[in-house]
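K.L.:
just to be clear, the model below is a prediction. Sequence and coordinates:
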Amino acid sequence: MKDPFATIERARDALAGRTSPRFPGRVYIREGVYQSAKTVELTGADHSYVTYAAYPGEQVELAGVTTLAPDRFRRLADVPDEPKWASKSRVPAATAPQVWVYDLGADGIPTGRLNKNGFNWKPQPFAPELITDDTTQTLAQYPNGAAKLDRAHITVKVAPKGARDYFSDKTADGTTLPYEDMLELPGPVYTVIEPTLATHAATWAQETDGWLSGYFGNNYANDRVRIASVTGNEVTTRYPTMYVATDKWTSFVGQNLLSELDAEGEYYIDRHQDSNTLYYYPPGGTVEGKEISLTSFDAPFFQLENVTGVTLKGLKLNGTTGTGVRLLDAESCTLDGLEILNVSMDAVAIGEANDAITAIAEYRTSRGGHHNRVVNSRLHDLGGGGVFTAGGDRDSLERGNHVVEHNEIYDFSKLATYTPAGYMYGVGNTFRHNNVHDAPHMAIQIMGNDMEITHNRFENLVNHASDQGVIYAGRDYTYLNNVVAYNLFKDVGADGNQAIYMDDGMSGMVVHHNFFDNAQHGLFYQSGHSNTASDNVFQNVRYIGHDKLYHEGGKRLPVANAKVVVERFNDMLKAGDGTGFTNTRTNVDKWYRHYAARYPNIRDWYVPTDSKGQVCTTIGTTECTDEYVWTNPNSLYVPSNNVLTRSVSIATGDFAYTDDAGGLSVKTFNPDFDSHNIKQPTAAGFAFDPTTGKFDEKTTSLNSAAGFGHKWVRDWNRNFTLEGIGPR
C-alpha cells in the first residue's frame, strides 16, 4: 500500500463527498497502536457510506490510555523533600517500601478529577483509571477487597433530606430544585463507633479529596459523597445523598485515600495544588516487567452524527473516561467486531437523554436514528454500561429498529449502578444472542415499548445489589409489549433479587420460554397488569415469583409514586395537544389500534380520578369509590389480566403471594394465576438436561402432563438453544 495517510481523519477527508449507497468507501487502518487525543468525527452526508476497518489479518488499537514510561517510576524512598511530594507523609509506614511514584504533571499526562456521580445524578466523566497488564487497579480505599463499612462501624448522626426529596413528584408545588442547587444541599454527618475504623478515620482528616462510595439510603442504587472533615469520631460530608442516609442501608467504603494505600493494586493521584503525582502499590511490590497505563482520554473515540451507512469494523478501542462510541441521528450504521474496554461510562451510546433525571416523568431520549447495529463485539471492563440504545418515538410508536446481537458484554457497571449491558429505550429495538455475565447490577433496563430481548445468556449478575433484577422495567403502565423469550438466567445475586423485575405499575410484559437457573426469585409482579409469563422452566429458584399490590398497608391513597406513574400514563394515553402530560389524539388512536389485539381493554384503562380530574386521594361514596379505585379491572391500581402459566419447576418453591394486603393478592384478581405449574425435585424427573436446556422428547413426563404435551416439548427444543450466543 503506497503513501498511506497518517491519520484516520486524513483518509476521511479524502473520501468526503465521494461516497454513496452505490459507491461506498472503505478505509483500512494498518496494524499498530494509535494514541487518541481527540474524537474522530464523522458528520453528515459527505462522510456517509464508509467503512473504517482494521486491515485484514492485522490488529489495530486506538488507545485512550497513556503508557507510563517504566524508567519514570521511582521508589517512594527516593522522592525528594519538595512541596510536590508533601503528601508522601500520609503513606502508611508499613507500605512505603513497596510504593512507587510517578510525576504525571511533569510528563503532561492529564490527571482528571473525581466528580459527584451516582444513581440519578447526571453522569460525568470519571477520574482516570490506572491499568496494569490490562487489569484496572483500585483507588486506595478502606476497607480492602469486598468488605464494606456498615452500621456496626459507623452510624448516621445527621441525616439531611436527600436530593430525591426535591424532585417534582415529591415537592408540594410540583417543581424540581435546580440541579446546581441540589449539589449545594448538605451531606450526612456520621459517627464512627468501631475502634479500628476510628484509627483509620483519624488519618482521613489530612486527606484532600477523600470520598465515601457505596449505598447510603437504599440497597439498590449507589452514590458518593466527599469527606469534608473529620473531627474526633465525627465524619462530615459534602454533597447530599440521593436518598436520605439511614443506618439500615449503610454499605460503603472510604475511597481515594492515600493514608489507605496498603494493598497490592491500590493507587492514588494527588491533585492537590496541582501536584499531579501518582502513588502506586503494584502487585508484587515492583513495577518492573509490567505494562502500566493511565486512561488519559475523556471523549468518544468516534462520533457518528447525521451519517448513513457508516461501519466501524474490527477495531480495539481501549481507555476513555467518557463513552467509547457515540451515534447521534445516525441511520443504518454498524459497529462490527469491536473490542471496547477500559471505558468509564458506556461502551456505545446510540442517541442521548435530555437533562431530566430518570426518576421523573420528564425524562426523554432522542436523536437515536434508526436501524443501527452493534454486533459480534466484546465490551468489557466498563465503569458504565454496554450499549445505550435509544431509538424510536414513544408518542407515535415509530420504531427505532436498532439491533444489539452476538456480543459478549461483561465486567460492566464497575463505577455506577443502573448502567446495564443493554439500555432498551424508545420503541422497537432488539437485544438478542448476547452473552452477558459478571456484573454487580442489572443487565437490561427497559424504558419503552415493543422491545425484543431473546436468546441471551445472562449469568452471574446483580451480585452487589439488592431489590433489583437482571431485567428491570417499571414506573410506567405504557411500557407495553416488551418480549423476553428464550433466554438463560443463571446465578442471580441472591440478596432479595429477581431475574425479571416488573416494578411499580409495569404492565404488558411478555415472558415466555426462558430457563431460570439458581435465583432467589424468578419473577416480580408489582402492581401492574396484563403481564404474561408462560412456558418457562425454573430450576433451583427459591420462589418462582412474588407479587406486591398497591392495596398493601390498607389501600392507602395516593398510591406509592402516584405522581410519576400517572404523569407517564397521561403522557402517552391522555388525549390533548401533545404538550404537558398529554399526547395528540392522532397518536393516542395509533396506540389503541396498535395494541388492540393484545390488550383489548386498553381504551378502558383509567387512572382513578374524581369529577374534577384530580387523582383520588380518599375513598368516597359517589366518586372515588372503593369499587372504582380498588376493584374494577380497568383501574390502573388493580393488578388485573396478569398471567402465570405452564411453568416447569425443578427444585423450585411456590409463588409467594403478598401478606400485607388484607388477604388480597395477584391471584385474587386473576383466579387462574399460576396454573399448570408442574413440579419435580430433580431435572432427571423431567428428562431435562440443564447443560443444553433440552428435554428428551421420547421420555419426558411433560408429554402427558396437562397443559403441555408432545407439541409443547418439540416447540421448546426447537426454539430454545444455548448455542450460537455471543460473537460469531
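P.N.:
Looks like it arrived, so ask away. Residues are numbered from 1 along each chain as shown.
K.L.:
residue 482 against residue 510, yeah?
P.N.:
Yes: using CB atoms under 8 Å, residue 482 makes contact with residue 510 at a distance of 6.9 Å. (Each C-beta comes from the backbone N, C-alpha and C, glycine too.)
K.L.:
of the two, who's got more company?
P.N.:
Legend: neighbour count by other CB atoms under 10 Å for residue 482 and residue 510, higher for residue 482 (25 against 18).
K.L.:
give me phi/psi at that one?
P.N.:
The phi/psi pair for residue 482 (degrees, to the nearest 10) reads phi -90, psi 120.
K.L.:
just list the residues touching it, thanks.
P.N.:
Shown in contact with residue 482 (CB atoms under 8 Å, 6 or more residues apart in numbering): 424, 446, 448, 449, 450, 451, 452, 453, 473, 508, 509, 510.
K.L.:
do the same with residue 594
P.N.:
Here residue 594 is in contact with residue 397 (CB under 8 Å, 6+ apart).
K.L.:
buried set for the helix or strand containing it?
P.N.:
Per DSSP states H and E: residue 594 is located in helix 585-595. With burial defined by 16 or more other CB atoms under 10 Å, the residues of helix 585-595 counted as buried are 587, 588, 590, 591, 594, 595.
K.L.:
residue 367 versus the first one, what's the distance?
P.N.:
Plainly put, residue 587 is 20 Å away from residue 367 if you go by CB to CB, to the nearest Å.
K.L.:
next structured bit after the helix holding residue 594?
P.N.:
Defined by DSSP H and E, the subsequent element after helix 585-595 is helix 626-630.
K.L.:
how far does that following helix sit from its chain's centre?
P.N.:
Distance, stretch centre to chain centre, for helix 626-630: 36 Å (CA atoms, centre = their mean, to the nearest Å).
K.L.:
and stretch 283-297, by the same measure?
P.N.:
For stretch 283-297, the distance to the chain centre is 29 Å (CA atoms, centre = their mean).
K.L.:
now stretch 269-282
P.N.:
Per CA atoms, centre = their mean, the centroid offset for stretch 269-282 relative to its chain is 31 Å.
K.L.:
in PDB, list the C-alpha atoms belonging to that stretch.
P.N.:
Taking Å, rounded to 0.1, in the frame of the first residue of the first chain, the C-alpha atoms of stretch 269-282 are listed here in PDB:
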ATOM      1  CA  ILE A 269      -3.300  10.500  42.400                       C
ATOM      2  CA  ASP A 270      -2.500  13.700  44.400                       C
ATOM      3  CA  ARG A 271      -4.200  16.600  42.500                       C
ATOM      4  CA  HIS A 272      -4.000  19.000  45.500                       C
ATOM      5  CA  GLN A 273      -2.400  22.300  44.500                       C
ATOM      6  CA  ASP A 274      -1.600  20.800  41.100                       C
ATOM      7  CA  SER A 275       0.900  18.300  42.500                       C
ATOM      8  CA  ASN A 276      -0.400  15.800  39.800                       C
ATOM      9  CA  THR A 277       1.600  12.900  41.200                       C
ATOM     10  CA  LEU A 278       0.800   9.100  41.300                       C
ATOM     11  CA  TYR A 279       1.400   6.800  44.200                       C
ATOM     12  CA  TYR A 280       1.100   3.100  43.400                       C
ATOM     13  CA  TYR A 281       1.500  -0.200  45.300                       C
ATOM     14  CA  PRO A 282       2.000  -2.600  42.400                       C
END
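K.L.:
and the spatially closest residue to residue 50 that is not a sequence neighbour, how far from residue 11?
P.N.:
Nearest non-adjacent residue to residue 50, counting by CB to CB, 6 or more residues apart in numbering: residue 25, 4.1 Å away. Distance, residue 25 to residue 11, by CB to CB: 9 Å.
K.L.:
what does residue 303 give?
P.N.:
As judged by CB to CB, residue 303 and residue 11 stand 16 Å apart.
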